[in-house]
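Trainee: Fold the stuff below for me.
(one chain, ligands or ions: 1)
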Amino acid sequence: MNFSNTEDIIKSAKKILIISHINPDGDALGSTCALYKAIYNRFKKRADMCTLTYLSPIYNFLPNINLAKSSYDTSLVYDLVITVDVADIDRISNMKILFDKAKTTINIDHHKTNNNFGDYNYVVPEASSTGEVLYTLFKNSNWEIDKDTAECLYTAILTDTGGFRFDNTTENVFKIAADLVKIGANPNKIFTQCYEHKSKNYVMFQNYCINKSVFLNDDKIAYTTIYRRDFEDYKAKDDYTEGLAEQLRAIDSTDIAFIVKEIEPNKLCKISMRSKLYDVAEICSAFGGGGHSRAAGCSIKSSVETSVKKILDEIKRIGNGQ
Ligand SMILES: [Mn+2]
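Mentor: Sure thing, here's the model as predicted:
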């Protein structure tokens, strides 16, 4: 896999937009900034970068992220729009208008639920992260990976493998990481930036959410619910729930862990689900969601209580966690 069929398109495009999904994580932002720098190095042209709802300062260390904007004028017409780490085109929110109008689109991703929505698609479900897909594309296309690009790719791979812990952490991941370190990515610096810049409110909020967890079926199922008022009480930002489901999954008895986050009282909830054993993407797909087999999510247009019941019914229906 390389850029041989799209290199001329990227080369001739005057206006390029790189975009990832809403609530972008380290893979989304790292991949965006890595591709930006790689295109600059190769063609000496600057693409626009869109980071949508990104607010948290955690990833502000990524080279060139300061050049990204949260949205672009929907009246613009791009020659090329490249999506990175976008499993479903609806996850780029209203920037889909720019995607639909673009002369050409390229879709670079690693989610197995990706339905190849681009004109050109580089979708590798076996890859740990979009960062890994990009690394392979850059290498196979003889595109330079400089220190900035290496830092971005390392961040993408580090965060999507949960710090080289999840079952997507392959031999290849370590080979790539070693190469990126050789180029100049600093593992300790990037780890500290990604995982040790938590605010006090964040830690207190997470402890509160964990404290009120509910355990079912001999503690095989663990979940917690987070209401808007909880966010207000702890002055918590929306992404303060990140890592909660992983904490519940870490309990030895737990097979399935999920969190139900109230988005709009009595109207809309967002669910993040994790498992050690089961395909939670299947459970989430029953509600129009998706993701990976051990980490998936969905939205349910109900109250928190009804959403919990629907999820538990679905777990029961497919016979998991029993
Ligand atoms: Mn990813």
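
Trainee: OK, contacts around the residue of the stretch 201-322 of the chain found nearest the ion?
Mentor: The ion sits closest to residue 292 of the stretch 201-322 of the chain, with a gap of 8.6 Å, by CB to the ion. C-beta: built from backbone N, CA, C; applies to glycine. Counting by CB atoms under 8 Å, 6 or more residues apart in numbering, residue 292 touches 111, 112, 168, 281.

Trainee: Setting the sequence-adjacent residues aside, check what's closest to the second one.
Mentor: Right, the one you point to is residue 112. Nearest residue to residue 112, sequence neighbours excluded (CB to CB, 6 or more residues apart in numbering): residue 125, at 3.9 Å.

Trainee: Assign that neighbour to helix, strand or coil.
Mentor: With DSSP: H, G, I helix; E, B strand; the rest coil as the basis, residue 125 sits in coil.

Trainee: Just the buried ones among the contacts of residue 292, please.
Mentor: By neighbour count, with 16 or more other CB atoms under 10 Å, these hold 111, 168, 281 as buried.

Trainee: So which residues on the protein come close to the ion?
Mentor: Neighbours of the ion within the chain, by CB under 5 Å from the ion: 27, 85, 129, 130, 160.

Trainee: returning to what we had before: quick one, phi/psi of the residue nearest to residue 112?
Mentor: For residue 125, the backbone dihedrals (degrees, to the nearest 10) come out as phi -60, psi -20.

Trainee: Please report the distance of it from the ion.
Mentor: Applying CB to the ion, to the nearest Å, the value for residue 125 to the ion is 11 Å.

Trainee: Could you list the low-pLDDT ranges of the protein?
Mentor: For the chain, residues meeting the criterion pLDDT under 70 lie at 320-322.

Trainee: got the contact list for the residue in it that the ion sits nearest to?
Mentor: Per CB to the ion, residue 27 is where the chain lies closest to the ion, at 3.5 Å. Counting by CB under 8 Å, 6+ apart, residue 27 makes contact with 85, 129, 130, 131, 156, 157, 159, 160.

Trainee: among those, which are in helices?
Mentor: 130, 131, 156, 157, 159, 160 (DSSP state H).

Trainee: Among these, which one lies nearest to residue 238?
Mentor: In terms of CB to CB, no member of those lies closer to residue 238 than residue 159, at 17.5 Å.

Trainee: How many neighbouring residues does that closest one have?
Mentor: The number of residues packed near residue 159 is 22, by other CB atoms under 10 Å.

Trainee: quick one on the thing from earlier: could the residues of the chain next to the ion go into JSON lines alongside distance to residue 2?
Mentor: Listed next are the residues of the chain next to the ion as JSON lines, based on distance: CB to CB, whole Å:
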{"residue": "27", "distance to residue 2": "21"}
{"residue": "85", "distance to residue 2": "19"}
{"residue": "129", "distance to residue 2": "18"}
{"residue": "130", "distance to residue 2": "16"}
{"residue": "160", "distance to residue 2": "22"}
